[in-house]
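Novice: Any chance you can model this:
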Amino acid sequence: MSMLHSNSANKKMLNTIETLLSVKKIAFYKEEFGDSWFKAYKAELSQAKEIFVCLHFLEIFLRNKIAIELSQDFGNWFFDKKCQLKLNPREQEKITIAIETLSKIGKEISQDNIISNLNFGFWTNLFHKSYNYPIWQKNKMLERVFPYLKNNQRNLKQIQKEMEAIRKFRNRIFHFENLQGWNFEEMEGLIDKFIYGVSGAKIKEILE
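Specialist: Residues are numbered from 1 along each chain as shown. Next comes the predicted model:
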């Protein structure tokens, strides 16, 4: 195959990829990286792949740890309408939707299934200042959910800010949006901080 024909075939392939990925989506990369846009796009995917594994452990560790600690203090807080834990309407609606979804697909409406059907935003919303006293201060829940964080790291306002950053970053990865402008090293450090805070293990130790 001649060089000219090879270049033509590659250009055709890239044009097809661009169309299928969305011309609008790729416009940013072409503007930033010119003819090297696909190389930059793939490099970003490789970074996202590594971060995805970290997010996997954080999301599952965090939701299960919070659920365990809340259950100790508030019992069957998903179902008990007389429960002392009063969730905001937004969070209560998400629980209702999770239960309805389980019912529609014929899965058991159990605490474990509800937990796994609540998205990351549900759990990060629990760090909102409105829950400061009823959850975090009253029951020393920050110490219980994050037993391995230092005392000066157990600041609800800071944790909420960092969790919100992780949530936005996580959503961009899960929804295949561009990640340019995000500091991967900083975000990985934040994610690892909370994985360690919950479990006492660094992500490198978990993946060994």
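Novice: What is the subsequent helix or strand relative to the longest helix along the chain?
Specialist: Taking DSSP state H as the criterion, the chain has its longest helix at helix 37-74. Next along the chain after helix 37-74, taking DSSP states H and E as the criterion, comes helix 89-104.
Novice: What is that following helix packed up against?
Specialist: Judged by 3 or more C-beta pairs under 8 Å, 6 or more residues apart in numbering; DSSP states H and E, the packing partners of helix 89-104 are helix 111-117, helix 120-125. For glycine as for every other residue, the C-beta is placed from the backbone atoms N, C-alpha and C.
Novice: for it, which positions count as buried?
Specialist: Across helix 89-104, burial judged by 16 or more other C-beta atoms under 10 Å covers 91, 94-95, 98-99, 102.
Novice: Then stretch 38-51?
Specialist: Across stretch 38-51, burial judged by 16+ other C-beta under 10 Å covers 38, 40-41, 44, 47-48, 51.
Novice: Run the chain-centre distance for that stretch.
Specialist: How far stretch 38-51 lies from its chain's middle: 18 Å, per C-alpha atoms, centre = their mean, to the nearest Å.
Novice: please begin residue numbering at 558 from this point
Specialist: Understood, numbering begins at 558; the last thing we discussed is stretch 595-608.
Novice: Only C-alpha atoms, please: export it in PDB.
Specialist: The C-alpha coordinates for stretch 595-608 follow below in PDB (Å, rounded to 0.1, in the frame of the first residue of the first chain):
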ATOM      1  CA  PHE A 595      -7.300  11.400  18.400                       C
ATOM      2  CA  LYS A 596      -4.000  10.700  20.200                       C
ATOM      3  CA  ALA A 597      -4.900  13.200  22.900                       C
ATOM      4  CA  TYR A 598      -8.400  11.600  23.100                       C
ATOM      5  CA  LYS A 599      -7.000   8.100  23.700                       C
ATOM      6  CA  ALA A 600      -4.500   9.400  26.200                       C
ATOM      7  CA  GLU A 601      -7.300  10.900  28.200                       C
ATOM      8  CA  LEU A 602      -9.200   7.600  28.000                       C
ATOM      9  CA  SER A 603      -6.200   5.700  29.500                       C
ATOM     10  CA  GLN A 604      -6.100   8.100  32.400                       C
ATOM     11  CA  ALA A 605      -9.800   7.800  32.900                       C
ATOM     12  CA  LYS A 606      -9.500   4.000  32.900                       C
ATOM     13  CA  GLU A 607      -7.100   4.100  35.800                       C
ATOM     14  CA  ILE A 608      -9.200   6.600  37.800                       C
END
